[in-house]
Every structure is written in C-alpha cells, then in structure tokens.
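>>> What follows is a predicted protein model with its sequence.
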Amino acid sequence: MLYRTGCILTGYLCGCFLTAEAVSRHAAGKSASQLGTGNPGMANIMAQLGVKWGLLVLAGDLLKTLFPCMLCRFLLFPRLGRNAVLYAGIGVAAGHNFPFWNRFRGGKGVAVTCMTLFIFSPGFGLLSCVLGGCLVLLSKSLTLGALAIPLLFLWPAFTVYGSETGVLSCILAAMMLQKHFLPFLDYLHGKGTKIDLIAKAQSKLRERK
C-alpha cells in the first residue's frame, strides 16, 4: 500500500503543474480561467491563442505524465511492475483536475489519461485513443471521444492484464466521467457543443491557399 500511495502522490505533485496556465500567462498575460471556456487544457488554449500555443500545452501535459509514470515504474517503485504507471497516472489526473494551489480547480484530464494508457500499454492505449478520436470525428463531440477512450481500455485491462489493472482503469474512467458528466447530459439532450474538426481543417487549408 505504501508503494501505491507513493506513486499516486508523485503523480499528483507533477499533475498539479497546469501547462495551460503557464502558457496563458506567458502568451496572453492572464489566467487560463479568463480565456474562452476557462478550462486549462489544450483545446481551450488552441481556440483562444492559436495552434502553436495549444500544441505547447499538449506537449507539457504529456511530459508531466510521462515523467512520474516512468519514474515510479523503473526507479522509485519497480516492485509494482507496470501497474506503477497506472497508479502514477491516476495521481497525475487527480493533480491536473484538482490542483491544490488553484483551489482544486483544474482541467478535464483527457491528455494525461491518454498518455497514461499509452505508457502502460502502447498497443491497446493507442488503439483506444484512435477509436476515441474517430468517435469525435463522427459525432462532432469532444465529450463522447473523451469518455470513450478510458471505457474502451477496460476490456483489455481486465482480460489481458488482470483485476488490479482493471480496477485502476475503472478509476481513470470514473474520473473522466466526473469531469464530463454535465457535458454528456447536454449532448444527450441535444444541447452539447459540436465541433466539426474535418470542416475546420478544410477551412484552414483553403485559407493557406
């Protein structure tokens, strides 16, 4: 239990660094909470400040997940095996979603969850992310894609890696649901925000021509 707690705490401390907040203050001179939807994540920063800054946020969020996951897996708590990645990833998601320094107001944890699943299982993790991305393109709903990714991972988690991995994956899925529950209800009632990424990409290409 001590090792598991250590992984979660290590991940939490790293997760509390909100890349979007740092980027927003540097690029716009204001908090990410004052931009667009107020969410300190890649999508909001990209929409408000541009692709370059959005990608920088994504890179930062991926790195802050990679570092504690690999640190716990191979250096601090190798006895836990690959499940150390999931424990650390849960901590990162918790820190990202509920940073103590920002009155526990954080992001939605999509990028950090995707990265955690990919580090744990590159094959199944990537497959879950790709299928979730396809769902976004088909449904035009970022919420559905975000929810689908950890849910799709549950099958290999339980059947391939065992019950402990399955339970940890359920926790990641529950954290994602908690952050996307209200937008999901809005989607079910036809009120959800829809984003046509394909149309946006085509529009950008026309502008460049």
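That came through fine.
>>> Identify the residue nearest the geometric centre of the protein.
Nearest to the geometric centre of the chain sits residue 110, at 2.2 Å (C-alpha atoms, centre = their mean).
>>> Not including adjacent chain positions, what is the nearest residue to that one?
Nearest-residue entry for residue 110: residue 146, 4.8 Å, with adjacent residues in sequence omitted and distances by C-beta to C-beta, 6 or more residues apart in numbering. In short, each C-beta sits where N, CA and C put it, glycine included.
>>> Report the distance from the helix or strand hosting that neighbour to the chain centre.
Taking DSSP states H and E as the criterion, residue 146 maps to helix 142-161. Its chain's average C-alpha position is 13 Å from that of helix 142-161, according to C-alpha atoms, centre = their mean, to the nearest Å.
>>> now stretch 102-114
Here stretch 102-114 is found 7 Å from its chain centre; the criterion is C-alpha atoms, centre = their mean.
>>> just the CA coordinates of that stretch, formatted as PDB?
In PDB, the C-alpha atoms belonging to stretch 102-114 read as follows (Å, rounded to 0.1, in the frame of the first residue of the first chain):
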ATOM      1  CA  ASN A 102      -5.700  26.600  -7.600                       C
ATOM      2  CA  ARG A 103      -8.500  25.800  -5.100                       C
ATOM      3  CA  PHE A 104      -8.800  22.400  -6.700                       C
ATOM      4  CA  ARG A 105     -10.000  23.900 -10.000                       C
ATOM      5  CA  GLY A 106      -8.200  22.300 -12.900                       C
ATOM      6  CA  GLY A 107      -8.600  20.700 -16.300                       C
ATOM      7  CA  LYS A 108     -10.500  17.700 -17.500                       C
ATOM      8  CA  GLY A 109      -7.600  15.300 -17.800                       C
ATOM      9  CA  VAL A 110      -8.000  14.000 -21.300                       C
ATOM     10  CA  ALA A 111      -4.400  14.300 -22.500                       C
ATOM     11  CA  VAL A 112      -2.900  12.900 -19.200                       C
ATOM     12  CA  THR A 113      -5.300  10.000 -19.300                       C
ATOM     13  CA  CYS A 114      -4.500   9.100 -22.900                       C
END
